[in-house]
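*Asks:* Give me a model of this one.
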Amino acid sequence: MRFYGNDTIAAISTAVGEGAIGIVRLSGADAISIAEKVLKQSNGMRLQDRRSHGLFLAAVVDPRDGSRVDEVLVSIMRAPNTYTREDVVEINCHGGAVALRKTLGLVLSAGARAAEPGEFTKRAFLNGRIDLAQAEAVIDTIKSKTDAALKAAISQLEGGLSKSVRAVAKIVADVLAQVEAAVDFSDEDVETLPAGELLTMLAEAQDRLKELLMTSVKGKVLREGVRATIIGRPNVGKSSLLNALLRKERAIVTPIPGTTRDIIEEIINIKGIPMILKDTAGIRESNDEIEKIGIDFTRQAIKTSEIVLCVIDGSREICDEDLSLIDEIRGETAILVVNKTDLPQTASITNLNTPANFKARVDVSAISRDGIKRLEDKIEEVLFEGRIEASDSAIVTNARHEQLLENSLKHIAKAALLINNEQPEEVISIVLKDSLDDLAGVTGEAIGEDILGRIFSQFCIGK
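*Replies:* Now for the predicted structure:
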């Protein structure tokens, strides 16, 4: 078994601020002996004599003057059955910032080193307890904004993605074995699979990778959220629509046109999708310099959004400003939202067909919230077009994984072309090895220290 590092690290592993409990965590070969220097048990028992994975009462004591810092509960977890596969000690302090900082300071003075961001999880990876895809899922679990995002992260943490990637790697490795056998035993009577069977195997590998890559659309949404912008001319109910989607009064709503001058941004959960929703200034011709700046912000927000909700007032006749706005967002992924269905609808609205450049039309009343659920359903449908089920067991949520899988797919396609064209086995072998290296990069079986540094620098200290 390989272990990472010879030193013992320590950090505060709970969030900053006051709370009921705060945890100082140590990991390393000397974790127990270092903790022994700052902990005192009422019965005089040594930490070394405590059983693994037990919890006991102790006091944190400054060894310099014997003063008590805090009364704590301590858990000792012995290697290899720990998060890092090293000896781990967790000191459960009262959650005040002063007690936590003083306890950590004493632990560091006793011989531990301050942990770097993500170093506990990095040790779990380097010591072979989890692979790199699972390690990256830890940060996704921490940052999940919705139940669906959490479910995807947990699936990856449990090895769902790694299992799928290794299944593809096995196919490619089997083909490579056949190709290399043809090279190594070219002068001997060794039977290898015919080219047709190798191409069939590579086709299966390609299909599996394509299925995985299809999930990257949903994975990116679950990880990063969808940027959505509400637009429309003044006083059509954009702020009311934001409030209806939020289920709370966030934006100021008045009958005075041009109330919203700046962009209001909120994160909401729509059918498991984290959506970064922006309520913008109404787009119209204006001589007000502040309002004009707000309108410019609106146009910038449209360009950076994955979906646009274009709102028109169903109780008023369609005007040139409405038509101009509809035309302005041509080429964007947009839904036409006809608001104020609680009021009598005009003939021009009733007869309005969904414009060709829009994905759908949904009629709502932001005040009574009638039609809001239909709008949420349509947003989900438009974003995913029914291609991806929420129950997918392996979802690509990481841009690094997506790039590696795409590279592997290209190499497999190239290898298939070389086989089909009866090119030398030595050339085919090189391309197949490149594909395997890409797949190994996902799970961390072939990864550089610089990439590891970038990945774990995204973690909080103490995880």
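
*Asks:* On the pLDDT front, check V98 for me.
*Replies:* Here the pLDDT value assigned to V98 is 90.

*Asks:* Any idea which helix or strand in the chain has the lowest mean pLDDT?
*Replies:* helix 289-303 (a mean of 66; mean pLDDT, DSSP states H and E).

*Asks:* what about dumping the CA coordinates of the helix or strand following that helix to CSV?
*Replies:* With elements assigned by DSSP states H and E, the helix or strand that comes after helix 289-303 is strand 307-313. Taking Å, rounded to 0.1, in the frame of the first residue of the first chain, the C-alpha atoms of strand 307-313 are listed here in CSV:
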residue,chain,number,x,y,z
ILE,A,307,-32.1,30.8,-22.1
VAL,A,308,-34.1,34.0,-22.4
LEU,A,309,-37.6,34.6,-21.1
CYS,A,310,-39.2,37.3,-23.3
VAL,A,311,-42.2,38.7,-21.5
ILE,A,312,-45.1,40.6,-23.2
ASP,A,313,-48.3,41.9,-21.7
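
*Asks:* can you give me how far strand 307-313 is from the chain middle?
*Replies:* Centroid separation for strand 307-313 versus its chain: 28 Å, with CA atoms, centre = their mean, to the nearest Å.

*Asks:* just stretch 60-67 next, same as before
*Replies:* 43 Å.

*Asks:* Flag the shaky bits of the stretch 1-150 of the chain, pLDDT-wise.
*Replies:* Within the stretch 1-150 of the chain, the stretches with pLDDT under 70 are 1-5.

*Asks:* So which residues of it form helices?
*Replies:* 31-38, 97-109, 119-126, 132-143, 147-157 (DSSP state H, counting those that start in this stretch).

*Asks:* and of the ones you listed, who's closest to T341?
*Replies:* Of all the helices of the stretch 1-150 of the chain, helix 147-157 sits nearest to T341, with 29.4 Å by CB to CB. In this view, the C-beta of every residue, glycine as well, is placed from N, C-alpha and C.

*Asks:* Now do the contacts for E265.
*Replies:* I276, L277, K278, D279 (CB atoms under 8 Å, 6 or more residues apart in numbering).

*Asks:* Now the third one: closest residue in space that isn't a chain neighbour?
*Replies:* By the measure of CB to CB, 6 or more residues apart in numbering, the closest residue to K278 outside its immediate chain neighbours is T229, 4.7 Å from it.

*Asks:* A strand includes that neighbour, no?
*Replies:* Yes: counting by DSSP: H, G, I helix; E, B strand; the rest coil, T229 is part of a strand.

*Asks:* contacting residues around the residue nearest to A301 when sequence neighbours are not counted?
*Replies:* Spatial nearest neighbour of A301, chain neighbours left out: T229 (4.5 Å); criterion: CB to CB, 6+ apart. Going by CB under 8 Å, 6+ apart, T229 touches L277, K278, T280, T298, A301, I302, S305, I307, V308, L309.
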